[in-house]
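Trainee: Show me how the following folds:
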Amino acid sequence: MQQHNEAELSALGMAISTVVSIAEILKNGGFSVEKKITTSTVEIKDDSTGRFVPKAKVSSILFTDFTHSFQVSNSVQHSTPY
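Mentor: As a prediction, this is how the structure comes out:
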């Protein structure tokens, strides 16, 4: 995060709560500010049945360059693509 000033955390299904917890820890510890959050549904092939199963997906982009973070901290975007 120090080299690029930005980190993207993403997860599918049951792993979403872990990513949300990590993002909250980074935010509450003063290490980052949320820049963008996106949610969507993706189709994952189930190996046992061969069918596609819809899974929830979340992505969170965290901003760590505090010289610019205050400009984006109030513009968190929430979107749900169809």
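Trainee: Check what pLDDT the spatially most central residue of the chain gets.
Mentor: Nearest to the mean C-alpha position of the chain, by Cα atoms, centre = their mean, lies Ser60 at 2.0 Å. Ser60 is assigned 92 on the pLDDT scale.
Trainee: for it, what are its contacts?
Mentor: Glu8, Leu9, Ser10, Val19, Val20, Ala23, Glu34, Lys36, Ile37 (Cβ atoms under 8 Å, 6 or more residues apart in numbering). Where you see a C-beta, it was placed from the backbone N, CA and C, and this is true even at glycine.
Trainee: could you pull out the strands for this structure?
Mentor: Counting by DSSP state E, residue ranges of the strands within the chain are 6-12, 33-45, 52-63, 77-79.
Trainee: Farthest from the middle of the protein: give me that residue.
Mentor: Largest separation from the mean C-alpha position in the chain: Thr49, at 29.1 Å (Cα atoms, centre = their mean).
Trainee: Can you tell me how far it is from Thr39?
Mentor: 25 Å (Cβ to Cβ, to the nearest Å).
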